[in-house]
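K.L.:
Sequence below, structure please.
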Amino acid sequence: MLTTTYKVHLCPTKEQMSKNVSDNDLYNIARVECRTDLPKTTQLINFNRNNRGVCNFRDGPILGKYPGVSIPSSVKKGEMVLLSVFLNHTVDDNVLAKFQSNYKMPPLFNKQDIDINDRFRNKNPVGGNQQWISAERHTVCWKKRPWELSRNFRNMVGMPFPTFSIVLTPYVDGILQHEESVQTTAFEICSKEQPKTSNFERGDVTVTTKRRRTPESERAHEKLRSVQAELLRLRDEIEKHEQIAGEYRLRLTFGLTIARSESSAQQLVTKIETGEKHITRIFKKH
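P.N.:
Sure, this is the predicted structure:
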């Protein structure tokens with residue numbers, strides 16, 4: 001039986017990690033400083049954006065689009081994958097332990113995923129901030145509204161807008177391969193989109209001022225409107241490219257899953273996986 005415990009400690013040295021990178025007491029991915037080098041190859045699905053970055057407006061309209069993440073091929077090395085939600089902040093020992101014991105994961109949307117998680121965690125207990133996912137899945141989604149709000153953790157991190165990250169860890173032959181973990185970009189959980197933010201996101205920007213209007217202030221306001229319009233354009237472009245990247249990632253994952261079952265395609269699979277690792281290293285440098 002697997003018992004997952006997170007003892008709080010400093011990050012290990014490279015020499016220590018090379019001896020036993022799978023030891024929970026050594027490679028503690030619960031700490032944000034230990035996750036710095038983990039590749040961000042897990043795509044967030046059906047998340048939104050606010051003026052601070054990626055977020056999930058949990059009380060917003062669903063319209064069949066449930067928040068979720070993609071499961072990249074790099075973590076599909078065993079029968080299961082451990083999914084964990086962590087604070088994306090440096091915290092002390094007590095806060096780390098408190099978060100992992102008190103955080104409640106949102107319910108999985110797919111009944112099959114729920115059954116798999118329930119059955120496997122009975123034999124392999126994990127924290128309240130974790131769930132077991134079948135390695136055969138390409139994506140996993142949660143119900144939209146039961147997420148815990150970021151504001152619930154303000155006192156823990158000492159910041160008004162705490163963020164989280166989701167980490168996927170392969171489970172191979174009864175061992176969690178922490179050195180093979182991947183993570184998402186940081187995100188917030190908000191209750192709903194605020195009206196002012198909503199107007200800005202739509203581009204309906206109105207600048208009001210009680211000061212006397214002058215040619216200088218008009219030029220400044222016009223420059224501000226231009227900058228805000230460009231910011232909106234860039235956000236839309238980023239969101240579009242993220243959606244495209246997520247779609248192609250799913251296609252590649254599906255294709256590799258099929259190719260691995262063909263002995264004649266193993267050389268091609270190896271080249272593709274090597275190329276993926278090379279691309280990941282390039283992006284980590286920028």
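K.L.:
what ranges of the stretch 151-286 of the chain fall below the confidence cut-off?
P.N.:
193-213, 283-286 (pLDDT under 70).
K.L.:
ranges for the helices of it?
P.N.:
Assigned by DSSP state H, counting those that start in this stretch, the stretch 151-286 of the chain shows helices spanning 154-157, 195-201, 215-259, 266-284.
K.L.:
Turn those helices into TSV, columns for distance to H89.
P.N.:
Heads up, the C-betas are built off the backbone N, CA and C, glycines and all. As requested, those are exported to TSV (distance: least, C-beta to C-beta, whole Å):
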stretch	distance to H89
helix 154-157	4
helix 195-201	23
helix 215-259	23
helix 266-284	21
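K.L.:
okay, those, which one's buried deepest?
P.N.:
helix 154-157 (a mean of 15; mean count of other C-beta atoms under 10 Å).
K.L.:
Show me what it is packed up against.
P.N.:
Applying 3 or more C-beta pairs under 8 Å, 6 or more residues apart in numbering; DSSP states H and E, one finds that helix 154-157 contacts helix 93-102.
K.L.:
how close does the most centrally placed residue in the chain sit to D113?
P.N.:
Centroid-nearest residue in the chain, with C-alpha atoms, centre = their mean: T184, separated by 2.8 Å. From T184 across to D113, the span is 18 Å (C-beta to C-beta, to the nearest Å).
K.L.:
hang on, the earlier thing: quick one, which of the helices of the stretch 151-286 of the chain gets closest to K123.
P.N.:
helix 215-259 (25.5 Å; C-beta to C-beta).
K.L.:
So what angle separates the directions of the closest one and helix 266-284?
P.N.:
If you take axes from the mean of the first three to the mean of the last three C-alpha atoms, to 10 degrees, helix 215-259 sits at 160 degrees to helix 266-284.
K.L.:
tell me what helix 215-259 is packed against?
P.N.:
strand 68-70, helix 195-201, helix 266-284.
K.L.:
Which elements pack onto the last one?
P.N.:
Put plainly, it is helix 266-284. Helix 266-284 packs on helix 215-259, going by 3+ C-beta pairs under 8 Å, 6+ apart.
K.L.:
Any buried residues in stretch 81-95, and which?
P.N.:
V81, L82, L83, S84, V85, F86, L87, N88, H89, V91, V95 (16 or more other C-beta atoms under 10 Å).
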